[in-house]
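Undergrad: Quick one: sequence plus predicted model below, questions after.
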Amino acid sequence: MIVVMGATGATGNALLRSLLALGAPVRALTRTPHRPIPGTAGADRPLVEVQYADATDPRSLRTAFKGGSQLFLAMANSPEQAELETRVIDIAADAGIGHIVKISAPAAEPDSPVVISRGHHAIEEHLRASGLTHTVLRPYAFMQNLLRLAPTVDQGVILGAMGDAPCNYVDCRDIGDVAAAALTRPDIAGGTYALTGPEAVSYPELASRLTAMTGHQIRYVDLAPDELRDSLIHNARMPAWLAEHVKEIQQLAIARPETPTTTVGEILGRPPRTLDAFLREHHAWFRR
């Protein structure tokens, strides 16, 4: 039985669809049972077993992990993430889980300039020390997160603090397919993989592509890092820690210019989804 944490998130949802296509037995864990989960609706016998679990509730985790052999571990970034995920790993090991596929982050290093990435490094180290078989996926920026730019795109601007630095993007559906491969193919399990789409694209280039797609002029406005953080806090109502995180990862893209990897294609035997295809698919989000 494959246990999926974060089943209602973009990556977990994509993974469920991939595992369903493979016919793998799946248990989806969620704190919000009312949110839709693939494989559970419109069937007398749901294809996916759904169970409530909360990372802050060890008892619920012990119940949810019972009978599981593998765990997909994906949690939203937060200041408490390292504490919560290390606890999940310990409970999973005690419950008999033998293999964990963890969603991590680029630059997961002890001295990373990105606080969240330092947390991921600590979690990865804890996972190694657990003795469990583990696969680490380090995806770059999710294409799906670009949809959050829609409100400012509607006003004709994209705000950032990256200058013309290129940025890697990857579709969550490709991450889900790679995770499914790691959970069902022994030749993939046990590695650490950096996941990107086929190209790195700067914010000015993104603005140009959105202009061409929508027929409306969209320009990139480059802010000072602290200006971007303050704008995210006051205008986008973003928590201070998350606004600081966005600032940090954008500055990292300048300090360490990003280039795409070929990992997704090598694992899946097909090219990764492109940014242009994603934007066309979600054209309605950016219509003015």
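TA: Good, I have the coordinates.

Undergrad: from here on, contacts and neighbour counts on C-alpha atoms
TA: Fine.

Undergrad: My guess is Ile267 contacts Val178. True?
TA: Yes: applying CA atoms under 8 Å, one finds Ile267 in contact with Val178, separated by 6.8 Å.

Undergrad: Those two: who's more crowded?
TA: Higher neighbour count among Ile267 and Val178: Val178, with 23 against 16, using other CA atoms under 10 Å.

Undergrad: any idea how far the more buried one is from Val136?
TA: Counting by CA to CA, to the nearest Å, the separation of Val178 from Val136 is 11 Å.

Undergrad: same for the helix or strand bottoming out on mean pLDDT in the chain, what does it pack against?
TA: Here the helix or strand of the chain ranked lowest by mean pLDDT, DSSP states H and E is strand 48-52, holding a mean of 85. Counting contacts by 3 or more CA pairs under 8 Å, 6 or more residues apart in numbering; DSSP states H and E, strand 48-52 packs against strand 26-30, helix 58-65.

Undergrad: now the helices: where do they sit in the chain?
TA: 10-22, 58-65, 81-95, 115-130, 150-153, 172-184, 203-214, 225-234, 240-255, 263-268, 275-281 (DSSP state H).

Undergrad: deepest of those, which one?
TA: helix 172-184 (a mean of 23; mean count of other CA atoms under 10 Å).

Undergrad: Show me the contact partners of that one.
TA: 2, 10-16, 18-19, 70, 72, 101, 135, 137, 139, 142-144, 188-189, 195, 264, 267-268, 272-273 (CA atoms under 8 Å, 6 or more residues apart in numbering).

Undergrad: For the least confident helix or strand of the chain, list the C-alpha coordinates in CSV.
TA: The C-alpha trace of strand 48-52 is given here as CSV (Å, rounded to 0.1, in the frame of the first residue of the first chain):
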residue,chain,number,x,y,z
VAL,A,48,-8.4,5.4,-3.6
GLU,A,49,-8.7,4.8,0.1
VAL,A,50,-9.1,8.1,2.0
GLN,A,51,-8.1,8.6,5.6
TYR,A,52,-7.9,11.6,7.8
